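# I would like the atomic coordinates for the input below:
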Amino acid sequence: MRDLSRGIPKPGVADVALKAFRRHLWYVSEDLVALSFMDERISNEEKEAIVRNLFRRERKGLKRLDGKRFSPDTNLKDLVTSRTRRTLDSLLPGREEEVGTLLEKSPETWETEATFLDMKRNVSQMKVVNEAAERGIALATSFNSIITMDEVQQQYLLKVVAKHRREHPSTSKAAYME
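Here you go, the predicted structure:
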């Protein structure tokens, strides 16, 4: 975003891209910044600065970026609080002490640590919830439009499906074979 704010690659293109990025900054929070620990593009110096800020008190409410007031000079370390540490701990439930031990070490050595590799694996397996929800909505909309275009019929169909789910909560093949 720093490059875009300087007009790189081209001023017109950069302005449009920067505007698009600003609309999505609300996703970035003191919780999610923890995921940057697993990113190889983040320098070890930046990771060390992030670790130093893990013990800062969290702000009232969830601290999120605001696209209107965002400064391209904001660094990841500026978003980190003790809430970020809780997110790191949640990546390895029951292994919070191991996470603490890892954070005491230099980020240069993290790639050889089993704890870090387990955290990185868990992060790589995360699904973007919003994306999955949008796909589900698109599938349901597409399905409804194939069956009928009449809104009353679509609502009736949704009620029938909801009733069926209540009456048959298990969707396994074995449940239907009985």
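# what about E40, how many residues nearby?
With neighbours defined by other CB atoms under 10 Å, the count for E40 comes to 7. Where you see a C-beta, it was placed from the backbone N, CA and C, and this is true even at glycine.
# again, but for the one 4 residues further on
N44 has 12 neighbours, counted by other CB under 10 Å.
# for D15, same thing?
D15: 13 neighbours (other CB under 10 Å).
# which strands and helices sit next to the helix or strand where A17 lies?
For A17, the host element (DSSP states H and E) is helix 11-23. If you count contacts as 3 or more CB pairs under 8 Å, 6 or more residues apart in numbering; DSSP states H and E, helix 11-23 packs onto helix 2-5.
# mind listing what's buried in the helix it packs on?
For helix 2-5, burial by neighbour count (16 or more other CB atoms under 10 Å) applies to L4.
# check stretch 73-85 too.
Buried, per 16+ other CB under 10 Å, within stretch 73-85: L76, K77, D78, L79, V80, T81, R83, T84, R85.
# show me those residues that map onto helices.
Counted as lying in helices by DSSP state H, out of those, are R83, T84, R85.
# doesn't S29 make contact with the second one?
Put plainly, it is T84. No: contact criterion CB atoms under 8 Å: T84 and S29 do not qualify, at 9.1 Å.
# relative to S106, how far out is K47?
9 Å (CB to CB, to the nearest Å).
# who has more neighbours out of the two?
Taking other CB under 10 Å, K47 and S106 do not tie; K47 has more neighbours (20 against 10).
# per-residue pLDDT, that one?
At K47, the model reports a pLDDT of 93.
# and if you look at S43?
S43 is assigned 93 on the pLDDT scale.
# what's around it, how many residues?
10.
# again with D31
19.
# check A14 too.
Around A14 there are 17 other residues, counting by other CB under 10 Å.
# how far is the helix or strand harbouring L88 from where the chain is centred?
Per DSSP H and E, L88 falls inside helix 82-90. Averaging C-alpha positions (CA atoms, centre = their mean, to the nearest Å) puts helix 82-90 14 Å from its chain's average.
# now do that helix: everything it contacts.
Contacts of helix 82-90 from elsewhere in the structure, counted by CB atoms under 8 Å, 6 or more residues apart in numbering, are 30-35, 37, 50, 53-58, 62-63, 96, 99, 103, 119.
# at 7 Å what do you get?
E30, D31, V33, A34, F37, L54, F55, R56, R57, E58, E96, V99 (CB atoms under 7 Å, 6 or more residues apart in numbering).
# before we move on, what about stretch 135-151?
For stretch 135-151, the external contacting residues (CB under 7 Å, 6+ apart) are Q154, L157.
# list the buried ones in that stretch?
In stretch 135-151, counting by 16+ other CB under 10 Å, buried: N144.
# right, I'll leave it there.
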